[in-house]
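In: any chance you can model this:
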Amino acid sequence: MKKAFLQLHLSIFLAGFTGVLGRLITLNEGLLVWWRLLLTAGTMWLLFSLTKKLQKVPLKHILQLSGIGLLAALHWVTFYGSIKTANVSVALICFSSVGFFTAITEPLLEKKPFDLVEILIGLLVMAGISIIFHFDTHYKTGIILGVLCAVFLAFVMVLLRRYLKLYNSETVLTWQLSGGFLWLSLLLPFYLHYFPGSLLPGWSNLGWLLFLAWFCSVWAFTLTGNALKQLSAYTVNLSFNLEPLYGIILAVLLYKENNDMNAGFFAGAALILLSIVMHSYRVWRRSRA
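Out: Next up is the predicted model:
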């Protein structure tokens, strides 16, 4: 259990860079995600084939994992869309609502009783986002996209856990992200029709995309997949509420986003931090029992 928590929080620290990179990379959100999936899936196929970590998967499960990959791709598109229409801090705070949506989706999909305490803790996050939405109405589109990205991720994490019981994390993530890349490739022409952009990233963007793919994706996803084998999807998702804290600190240091934050933002962020503390204490009590 201790090793799983260490892997989880290292992956969260790496994920904290994704928001900053989303603003740094000048491609639109659709192309950014397409390149991220291409580089990440390609790296996984090469790396895990050489290390012989890929397991045989029946066609039925390949198709199901590709569907989860589509949800993951939509999660990233809406996440980076939130960054580009609002800012890094707003997108990451909205991302925190994943705990609330997981508290609802996990019992429904896994056919188990609802945990009222988990829902109440998740509602604290939603209350924090509502406060930010009220005081920062000019970030309306970014906030909506940020909440949507949390909905997509809640489904991804719950559904992915089923296959991590059958295969290793390297196999599951490789097929999932490959499926996401193929789905997004089919949708990209329609996306570019409404949101045009240059397909080629340029050397500067390519360098940051490689960092995003290799460190914030391949390594981070592998760590998260290993943690999911021992921890519940709800615990993993709510723990990922620490990602906004890391990301916001980086955004403040690099982009001076603290100049855009008002009292409403800090009040909402405080509620979200409170939910993290409460859940961490609850997990600690359970582990001692």
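In: show me the shaky parts of the stretch 1-150 of the chain.
Out: By pLDDT under 70, the weakly predicted segments of the stretch 1-150 of the chain are 1, 135-136.
In: and the helix or strand hosting residue 226, average pLDDT?
Out: Using DSSP states H and E, residue 226 maps to helix 220-228. Helix 220-228 shows a mean pLDDT of 78.
In: from the contact counts, what lies against that helix?
Out: helix 2-24, helix 140-164, helix 169-194, helix 233-239 (3 or more Cβ pairs under 8 Å, 6 or more residues apart in numbering; DSSP states H and E). All C-beta atoms are positioned from the backbone trio N, CA, C, and that covers glycine.
In: quick check, central residue of this protein?
Out: Centroid-nearest residue in the chain: residue 153, 6.0 Å away (criterion: Cα atoms, centre = their mean).
In: measure that residue to residue 73 for me?
Out: Distance of residue 153 to residue 73, given as Cβ to Cβ, to the nearest Å: 11 Å.
In: residue 117 contacts residue 275, correct?
Out: No - contact between residue 117 and residue 275 fails when scored by Cβ atoms under 8 Å: they sit 11.2 Å apart.
In: neighbour count winner among those two?
Out: Legend: neighbour count by other Cβ atoms under 10 Å for residue 117 and residue 275, higher for residue 275 (23 against 12).
In: just how off-centre is stretch 109-126 within its chain?
Out: Distance of stretch 109-126 from the chain centroid (Cα atoms, centre = their mean, to the nearest Å) equals 19 Å.
In: same deal with stretch 88-104?
Out: Distance of stretch 88-104 from its chain centroid, counting by Cα atoms, centre = their mean, is 9 Å.
In: what of stretch 36-51?
Out: 19 Å.
In: got the buried residues for that stretch?
Out: The neighbour-count check on stretch 36-51 (16 or more other Cβ atoms under 10 Å) flags 36-41, 43-44, 47-48 as buried.
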